[in-house]
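1. heads up, no residue letters with this:
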């Protein structure tokens, strides 16, 4: 009975394992496959694919987009994308520019709070990475401004803090469209984390299904058994494929492991086979 993990991050965004180390660790853990789904970048895919050559592991090219829905951060995972497609790369360049602009504004806000922080200093501390709020939290912790990453998010980086900056409005519908145009499968990531309530979550899934959403992350590290059942039922209601993953970040998320999350996660390789069949 093979296990896969279809939601994994590397040092190219806010994970702590390089793409090569992820491949080695996935082999060590006995996984059949994993999807590299870094935030708003595909820079690590080539390295991971090369590292997997001749090894008993499949690397699925992927990405995790951050989008805005009704003033909330909603994530879409794209699986099996043609990460070299010109139409995809052109869009991704614009997408990344929006993130960089937001990062500069967030740095300015934090400077106003008395922190000695610049985007250039962040990038120097985390080279070759797409800078996310997790990097800000690590920076604030390392430089003694907060006592934990949780405090960093609660006081300075969370959506409802006075320092938070919304990026250019990029909608889930946009990235669903570009993922499909790049030959991939768009998946709504970890739906329960948006705290929408059943009715509003149903509206979100219905709306995105109409826009071309193909799957829902119904198996996830933080789900209770009842939440997993609810997500599978929601996927069935809208005839969506089921996906699943740990959202592994290495040391960024202590206690959360590749393949089995917090200990009870299991994504059967049949999930991957069903997704592949949809291609």
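-> Yep, that arrived. Model, not experiment: these values are computed from the prediction. Numbers count the residues shown, from 1 in each chain.

2. Now stretch 210-222: average pLDDT?
-> Stretch 210-222 carries an average pLDDT of 98.

3. Same check on stretch 117-133?
-> 89.

4. which residues sit against that stretch?
-> Stretch 117-133 is contacted from outside by 11-14, 38-41, 43, 96, 99-100, 103-104, 106-107, 110-111, 135-136, 138-140, 142-143, 153, 157, using CB atoms under 8 Å, 6 or more residues apart in numbering. Quick note: C-beta positions are derived from backbone N, CA and C, even for glycine.

5. same thing but at 6 Å, please
-> 13-14, 39-41, 103-104, 107, 110, 135, 139, 157 (CB atoms under 6 Å, 6 or more residues apart in numbering).

6. which among the residues you listed end up buried?
-> Among those, those scoring as buried are 13-14, 39-41, 103, 107, 110, 135, 139, 157 (criterion: 16 or more other CB atoms under 10 Å).

7. Would you check which pair of these lies furthest apart?
-> Across those, the longest distance by CB to CB is 22.9 Å; it joins 41 and 110.

8. related to what we said a few turns ago, nearest to residue 237 among the contacts of stretch 117-133?
-> Distance to residue 237 across the contacts of stretch 117-133 (CB to CB) is lowest for residue 39, with 28.8 Å.

9. Shouldn't residue 122 be within a strand?
-> No: with DSSP: H, G, I helix; E, B strand; the rest coil as the criterion, residue 122 is assigned helix and is not in a strand.

10. how close does the closest residue to residue 149 other than its chain neighbours sit to residue 270?
-> Here the nearest residue to residue 149 in space, its sequence neighbours aside, is residue 137; by CB to CB, 6 or more residues apart in numbering that works out to 4.2 Å. According to CB to CB, to the nearest Å, residue 137 and residue 270 sit 37 Å apart.

11. got the buried residues for stretch 212-224?
-> In terms of neighbour count (16+ other CB under 10 Å), stretch 212-224 has its buried residues at 213-221, 223.

12. do the same with stretch 266-279
-> Under 16+ other CB under 10 Å, the buried positions of stretch 266-279 are 267-268, 271-272, 275.

13. In helices, which of the residues you listed appear?
-> Under the assignment DSSP state H, the buried residues of stretch 266-279 contribute 271-272, 275 to helices.

14. burial count for residue 254?
-> Counted with other CB atoms under 10 Å, residues neighbouring residue 254 total 8.

15. cool, and residue 70?
-> For residue 70, the neighbour count with other CB under 10 Å is 10.

16. Which pLDDT value belongs to it?
-> Residue 70 is assigned 85 on the pLDDT scale.

17. The nearest residue to residue 42 once chain neighbours are set aside in helix, strand or coil?
-> Counting by CB to CB, 6+ apart, residue 42 lies nearest to residue 83, which is 4.1 Å off, once chain neighbours are set aside. Here residue 83 is coil, with the state taken from three-state DSSP.

18. do you know how far residue 83 is from residue 38?
-> If you go by CB to CB, the gap between residue 83 and residue 38 works out to 11 Å.

19. thinking again about what came up before, next step: the buried residues of stretch 212-224 restricted to helices.
-> With DSSP H as the criterion, helices contain none of those.

20. Switch those residues over to CSV; also include distance to residue 67.
-> CSV is the format used below for these (distance: CB to CB, whole Å):
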residue, distance to residue 67
213, 12
214, 16
215, 16
216, 15
217, 15
218, 20
219, 22
220, 18
221, 21
223, 21
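
21. closest to residue 184 among these?
-> For the buried residues of stretch 212-224, the minimum distance to residue 184 (CB to CB) is 8.9 Å, reached by residue 214.

22. mind listing what the residue lying closest to that closest one once chain neighbours are set aside touches?
-> Leaving aside its chain neighbours, residue 214 sits nearest to residue 185 (4.9 Å; criterion: CB to CB, 6+ apart). Residue 185 is in contact with 79-80, 214-215, 275, counting by CB under 6 Å, 6+ apart.

23. and what of residue 104?
-> residue 119.

24. Can you identify each of the helices in the stretch 101-250 of the chain by residue range?
-> Under the criterion DSSP state H, counting those that start in this stretch, helices of the stretch 101-250 of the chain are mapped to 119-125, 133-142, 149-152, 172-181, 197-210, 225-237.

25. what's next to the last one, contact-wise?
-> What that stands for is helix 225-237. Here helix 225-237 has contacts from 192, 205, 216, 218, 242, using CB under 6 Å, 6+ apart.
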